[in-house]
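> need the 3D shape of this:
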Amino acid sequence: MLVDGEGTAGDVLSAAKVNFFIDRLEAIGRFGLFLWNVLRCTFKRPVRFKLMLEQMEKIGVDSVPIITLSSLAIGAIFALQMVSFLTPFRAEIATGSAVALTMAREFAPVVTTLMLIAKNGSAMAAELGTMKVTEQLDAMATMSVDPVHYLVVPRVVAAFFMFPVLTLLANVIGVFGAFIVATGAYELEPATYLDQMFLFVGPNDIYSGLIKAAVMGVIVATICTYHGLHSQTGARGVGESSTRAVVASSVAILVADYLMATVMMAVMY
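Predicted coordinates for the structure are as follows:
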């Protein structure tokens, strides 16, 4: 009986593993089809410029305060740490170049994207999830309006354009915050500080961060809208879809950042 029991438990565990694997494959397949549908609808007429501009305002203009505050704080804190680290080596004047390079290549696109996931990504998932729960998506389909074309594409296009713009803003504000701390609190020579910064920071450093931001914007908008459109019924289902969207998009952009950084290190630098 014990052997039979162990065998039965083993069979149940094996079946659970198989079902889990199949569920994951089905989820990957559904997301792949969703990506293809988004790509197809991106070049489909009519082009909804008004909806795109509305989403650009939500993602871009409305996010300026939080991006400004976060990037200013990050630049100031990073300058504080770098000056403390470089002072024993008598190399504190390199603080400007270190902050500018790090902000341009990594901090600005990643931190901007994480802030926008918290602000806009969760809102996308919750908004589309609520529309599904209240059967607004079914009503759109009844009127021959494709929800992906009407709701998803404007958000993806807006994210593609606005994430780099906000990343550029984060670059400027972060470098400004670092400049204030380095020259004000630690009395570094402003002219030499700026000269060292412009000496080591090139256009490719800026371009790489902007490219990362554009790709991350598409990733975030796609994942968040996907989870919103696949929300379960009820308020709990909408909340869970928003949580899954934030977690999945945050992990995805970190993985994508590493992959893009690896490629750019080999190609651009």
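
> now do the buried residues in the helix or strand containing A191.
Using DSSP states H and E, A191 sits in helix 190-200. Residues Y193, L194, Q196, M197 are the ones in helix 190-200 that count as buried (16 or more other Cβ atoms under 10 Å). Where you see a C-beta, it was placed from the backbone N, CA and C, and this is true even at glycine.

> now the nearest residue to R244 once chain neighbours are set aside: how far from S70?
Distance criterion Cβ to Cβ, 6 or more residues apart in numbering; nearest residue to R244, sequence neighbours excluded, is H227 at 5.2 Å. The gap separating H227 from S70 is 24 Å, by Cβ to Cβ, to the nearest Å.

> the two - which one has more neighbours?
H227 (28 against 17; other Cβ atoms under 10 Å).

> pretty sure that one contacts A252?
No - taking contacts as Cβ atoms under 8 Å, H227 lies outside contact range of A252: 11.7 Å.

> quick one: low-confidence ranges for the protein?
Regions of the chain meeting the criterion pLDDT under 70 cover residues 1-7, 9-13, 269.

> how about the helices in the stretch 1-150 of the chain?
2-42, 49-59, 64-86, 95-102, 108-116, 122-133, 136-142, 147 (DSSP state H, counting those that start in this stretch).

> still on that earlier bit, and the buried residues of helix 190-200, which two are furthest apart?
L194 and Q196 (7.4 Å; Cβ to Cβ).

> find the residues that touch each one of the two.
Shared contacts of L194 and Q196 (Cβ atoms under 8 Å, 6 or more residues apart in numbering): G96.

> and M162, how far is that from V148?
From M162 over to V148 (counting by Cβ to Cβ), the distance is 20 Å.

> more crowded one of these two?
M162 (25 against 19).

> helix, strand or coil: sort out the more buried one for me.
The local conformation at M162, judged by DSSP: H, G, I helix; E, B strand; the rest coil, is helix.
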